[in-house]
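# one predicted model, sequence on top.
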Amino acid sequence: MASLELRPDGLAVHLGRWERFGTFQRDFTVPWDHIEKVEAVADLWPHLQGWRAPGIGIPHVIVVGRMRYREGKDFCAVHHSQPGLILELRDEPYRRLVLSVPPEVAHAVYERVTGG
């Protein structure tokens, strides 16, 4: 499962071994000023859009990888029915990050991005 680290320079996304293998993606960091909007969501599945390539996907079980669509691409790491975050980005390779994270992590990221 992807994990998030709040750093002074940005939000670091750390992927597990199998996530890196299945998505051909290394860990990456998004600068704080590149995050335009953050939304905590109880069910991430309705928010997925596009076609997964590359990545791993079993509907309502796991989706890890890039979701491509006309307007751009998202990086997704969604597991089962876990709650998570949708982060809208600018000036990054991904338009959005859609990530399953524990509620306390979602709250910490939300507080950091919104400033309150």
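Alright, I've got the coordinates.

# and the strands in the chain?
Taking DSSP state E, the strands of the chain run over residues 3-6, 10-14, 28-31, 35-41, 51-58, 62-69, 72-79, 84-89, 96-100.

# for the residue lying closest to P59 once chain neighbours are set aside, give me its contacts.
What sits nearest to P59 in space, not counting adjacent residues and going by C-beta to C-beta, 6 or more residues apart in numbering, is W45, at 7.8 Å. Where C-beta positions appear, they are placed from N, C-alpha and C, glycine not excepted. By C-beta atoms under 8 Å, 6 or more residues apart in numbering, W45 lies in contact with P59, H60, V78, S81.

# can you give me the neighbour number for the second one?
H60 is surrounded by 10 other residues when neighbours are defined as other C-beta atoms under 10 Å.

# same check, this time on the third one
Residues contacting V78 under the criterion other C-beta under 10 Å number 24.

# one more: G72?
The number of residues near G72, taken as other C-beta under 10 Å, comes to 14.
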